[in-house]
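Colleague: Pasting a predicted model and its sequence here:
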Amino acid sequence: MVVLTDIYPFDSISWELVAPGFGLFVIAIGPASHSSFGKRVGSWFRGIGVSGRILVICLYAIGVFWALFTFDLPMAQITSFGAGVWLAIVLFQLAHVADAGEIDGWKPT
């Protein structure tokens, strides 16, 4: 637990923004991804191939870093929102593995 608090000190988390980050991402990977718009975006993203996906992700990262260095953004709020998103990702993956009972052919012994 000491390692976790060193990586992400709990006194810098704005818990009021962890919940919206978590909630919005749960909606994005749940109902929104199954909507017609979500299916079109997913189809487009798979259709651009691996190099296209790498390019889109890199351009997104460049845009994020540009915004961080250009504007005086409140970092505690942004990282708290991001912590909520990561919490949703981890819980989604754990639920998926628990439901599938395996990870790409790996089975518990």
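Modeller: Thanks, I have the structure now. Residues are numbered from 1 along each chain as shown.

Colleague: any idea how far Ile62 is from Phe71?
Modeller: Distance, Phe71 to Ile62, using CB to CB, to the nearest Å: 15 Å. Backbone N, C-alpha and C define where each C-beta goes, glycine included.

Colleague: Over to Ile29?
Modeller: 24 Å.

Colleague: Comparing those two, which shows the higher neighbour count?
Modeller: Ile29 (14 against 10; other CB atoms under 10 Å).

Colleague: Name the helix or strand for the residue lying closest to the more buried one once chain neighbours are set aside, please.
Modeller: Residue nearest to Ile29 in three dimensions, not counting chain neighbours: Phe92, with 5.8 Å by CB to CB, 6 or more residues apart in numbering. When elements are assigned from DSSP states H and E, Phe92 belongs to helix 75-100.

Colleague: Buried residues in that helix, which are they?
Modeller: Neighbour counts over helix 75-100 (16 or more other CB atoms under 10 Å) mark Ile78, Thr79, Ser80, Phe81, Ala83, Gly84, Val85, Trp86, Leu87, Ala88 as buried.

Colleague: what's the closest of the residues you listed to Leu55?
Modeller: Closest approach between the buried residues of helix 75-100 and Leu55, by CB to CB: Val85, at 22.1 Å.

Colleague: ranges for the helices of this structure?
Modeller: Along the chain, the stretches classed as helices by DSSP state H are 2-7, 15-29, 36-47, 49-70, 75-100.

Colleague: Next, the angle helix 49-70 makes with the last one.
Modeller: Here helix 75-100 runs at 150 degrees with respect to helix 49-70, directions being taken by axes from the mean of the first three to the mean of the last three CA atoms, to 10 degrees.

Colleague: Adjust the sequence numbering to begin at 7 for everything that follows.
Modeller: All set: I'll call the first residue 7, so the last point we hit is now helix 81-106.

Colleague: same for helix 81-106, what does it pack against?
Modeller: helix 21-35 (3 or more CB pairs under 8 Å, 6 or more residues apart in numbering; DSSP states H and E).

Colleague: how far is the helix it packs on from where the chain is centred?
Modeller: Offset of helix 21-35 from its chain centre (CA atoms, centre = their mean, to the nearest Å): 10 Å.
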